[in-house]
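J.: mind looking at a prediction? Sequence and model below.
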Amino acid sequence: MKHLVLAALILSALCVWPAHAEVWRVGPTQQYKVPSAVASLVKDGDEVWIDPAEYVGDVAIWRANNLKLYRTPTAQDGSFAVLRADGKAAEAKAIWVIKGNDCVVAGIDFRECAVPDRNGAGIRVEGTNITVTRCAFRQNQDGILAGNNLNSTIMVEYSEFDRSGAGDGLSHAIYINHVKAFIFRFNYSHGTLVGHECKSRAHFNYIAYNRLSNENGTGSRNLDLPNGGTSVVIGNVFHKGANAENGNVIGYGLEGMSDTVDNSLYISHNTVVSDRGLATFLRIDPKTKLLKAVNNILAGRLEFVIGTAAAADTLNNLRFTNATQAGFVNPVVYDYSLLESSPARNKAVDPGVATSTVPNYLELPLSPVLEYVHPCLDRIRLGQADMGAYEFQKLTGVDEKSSSLSLQVLPNPAFETLSILRNGLRFAGEARFVSLAGETVLITQGPDVHIASLPSGMYRMIVGDQSAALVVLR
């Protein structure tokens, strides 16, 4: 099952490239000037390309299924289409209310949504399944708010959540209610006002390779999993700020456990730094079935855990009274990568695997294969010998840049063949495929690539100075 680990993290919504899809162009120089102008026109499977510009007071409800809501792929890489609420909210809920199923949102910057009930969101998720990638959520009461839907998988990746919250402790950077699965990876959530940097009631949670950082904000928990569930927390950087309202870094099951799922918490290879006078790494409910916390680095005045589990493994973790003792490169600017002299070097043990009763997530290795790169990027981790979120490395030997929105692999996961698109167009040049060990395993020409020779697993496809993650599944 190990070869299926990361395949489960890519939603089926990304695998569909319908031949009948219509592309709707939106922008100041286009026929449709604002996104809401096409919201009632689009059909299932269509794409909406929104030019980089600021759209003030434009809010929308999206009802069609399998929509691709993109910042224009041919625009400058890293640019955004900025949606500034300016006092408006669709259905008094959000800048975008997405009611359709299997939708993808990419390259959109949602700003300053506020409503009277204090939970105005950048995106309100009301459909089944959504992928949000390379977006930004700035100064909204909730960045993303998702309602109950036990058929739904929500994936959020490569996105920033900046100064979220209404200041009441009930609104959060991202708030996922009862869904089947929640995947949160390569994100930067920071500076939340009183609320949590990330909160999820999902039955299954995969929180991987993020930076969840209070910094100068007044945020509460960095990660709150109030109803437990099978939860894997791997390769994250956590910072507990001096002004944080709540001293817990991670809360688990503190609002009552979900009785229908396995309530086990796996925490591996995270780096945790606290500037608060007194803080706690973990606070867990006594009904926790299993707590496995291994190869984590804690720096600051941090109590390890409040609460007990029926079974626990917390033996191989390192604790330091301050970040200097831990041997971080530059903790003043939140750079917690390791110096060669760090005591965390070569101290990791095999963390084993996480098991789950949720289909598609039955077995997940706890050894990290990637690392968070700031801001909202990632790179391949070339080893698991060191503790914490980073492996010491003078040279990585592989491309360190995150996969680019302008470089796409479809379908993903791929089986026998795939197509390469660059800047929204089919790409006929050379592509190199690299294993997680950094070995080049295939060099080929696009746009249509045969990958039958690649075993199941996760790879990097490299084109020039850009790369994209690829899952191969048989």
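T.: The structure has been received and is ready for your questions.
J.: now the element after the longest strand belonging to the chain, going C-ward?
T.: Longest strand in the chain by number of residues (criterion: DSSP state E): strand 149-157. Remark: after strand 149-157, the chain's next helix or strand is strand 160-162, criterion DSSP states H and E.
J.: how far out from the middle of the chain is the helix or strand that comes right after that following strand?
T.: Next along the chain after strand 160-162, taking DSSP H and E as the criterion, comes strand 174-176. Taking C-alpha atoms, centre = their mean, to the nearest Å, the mean C-alpha location of strand 174-176 is offset from the chain mean by 12 Å.
J.: stretch 363-376 too?
T.: Using C-alpha atoms, centre = their mean, the offset of stretch 363-376 from its chain centre is 11 Å.
J.: got the end-to-end distance for that stretch?
T.: 26 Å (C-alpha to C-alpha, to the nearest Å).
J.: tell me the phi and psi of Ala37?
T.: With angles defined as degrees, to the nearest 10, Ala37 sits at phi -70, psi -20.
J.: I meant to write Ala309 there.
T.: Dihedral angles (degrees, to the nearest 10) for Ala309: phi -120, psi 160.
J.: wait, isn't it in contact with Arg283?
T.: No: if you go by C-beta atoms under 8 Å, Ala309 and Arg283 don't touch, sitting 11.8 Å apart. Where C-beta positions appear, they are placed from N, C-alpha and C, glycine not excepted.
J.: who's in contact with Gly229?
T.: The contact partners of Gly229, taken as C-beta atoms under 8 Å, 6 or more residues apart in numbering, are Arg201, Ala202, His203, Phe204, Asn205, Ser258, Val261, Asp262, Asn263.
J.: more crowded one of Ala309 and Arg283?
T.: Taking neighbours as other C-beta atoms under 10 Å, Ala309 and Arg283 compare with Ala309 leading, 24 against 20.
J.: so what are the domain limits for the chain?
T.: The record, using automatic domain parsing to delimit domains, assigns the chain the ranges 2-380, 407-472.
J.: ranking those domains by burial, who's on top?
T.: Using mean count of other C-beta atoms under 10 Å, the stretch among these with the largest mean neighbour count is domain 2-380, at a mean of 21.
J.: just to revisit the earlier point, how about the domains of the chain, which one is nearest Met387?
T.: domain 2-380 (4.2 Å; C-beta to C-beta).
J.: per-residue confidence for Leu473?
T.: We have a pLDDT of 62 for Leu473.
J.: cool, Arg381 as well?
T.: What the model reports as pLDDT for Arg381 is 84.
J.: cool, Val434 as well?
T.: Note on Val434: pLDDT of 87.
J.: which non-adjacent residue is nearest it?
T.: Of all residues not flanking Val434 in the chain, Arg460 sits nearest, at 4.5 Å (C-beta to C-beta, 6 or more residues apart in numbering).
J.: for the helix or strand containing that neighbour, list the C-alpha coordinates in CSV.
T.: According to DSSP H and E, Arg460 maps onto strand 457-463. Provided in CSV are the C-alpha atoms of strand 457-463 (Å, rounded to 0.1, in the frame of the first residue of the first chain):
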residue,chain,number,x,y,z
GLY,A,457,4.7,6.3,-6.7
MET,A,458,5.4,10.1,-6.7
TYR,A,459,7.8,11.9,-9.1
ARG,A,460,8.9,15.4,-10.1
MET,A,461,8.5,16.3,-13.8
ILE,A,462,11.1,19.0,-14.6
VAL,A,463,10.8,21.3,-17.6
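J.: what mean pLDDT would you report for it?
T.: For strand 457-463, the per-residue pLDDT averages 83.
J.: tell me what it is packed against?
T.: In terms of contacts (3 or more C-beta pairs under 8 Å, 6 or more residues apart in numbering; DSSP states H and E), strand 457-463 is packed against strand 407-410, strand 417-422, strand 430-435, strand 466-472.
J.: how far off centre is that strand?
T.: How far strand 457-463 lies from its chain's middle: 19 Å, per C-alpha atoms, centre = their mean.
J.: any idea of the angle it forms with strand 466-472?
T.: Put simply, strand 457-463 runs at 150 degrees to strand 466-472, going by axes from the mean of the first three to the mean of the last three C-alpha atoms, to 10 degrees.
J.: what about the helices in the stretch 251-400 of the chain?
T.: Under the criterion DSSP state H, counting those that start in this stretch, helices of the stretch 251-400 of the chain are mapped to 323-326.
J.: how about the strands in it?
T.: Secondary structure of the stretch 251-400 of the chain by DSSP state E, counting those that start in this stretch: the strands cover 264-268, 271-274, 279-284, 288-294, 297-299, 302-306, 309-313, 318-320, 328-330, 335-338, 353-355, 363-365, 370-373, 377-380.
J.: neighbouring strands for the second one, and are they parallel or not?
T.: Spelled out, it's strand 271-274. Taking DSSP bridges as the criterion, strand 271-274 sits next to strand 237-240 (parallel), strand 297-299 (parallel) in its sheet.
J.: for that strand, what is the average pLDDT?
T.: 98.
J.: how about the longest one?
T.: In this model, strand 288-294 has an average pLDDT of 97.
J.: again with stretch 298-308
T.: 97.
J.: before we move on, the earlier item: save the strands paired with strand 271-274 as TSV, and put in distance to Ser171 too.
T.: As requested, these are exported to TSV (distance: least, C-beta to C-beta, whole Å):
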stretch	distance to Ser171
strand 237-240	20
strand 297-299	28
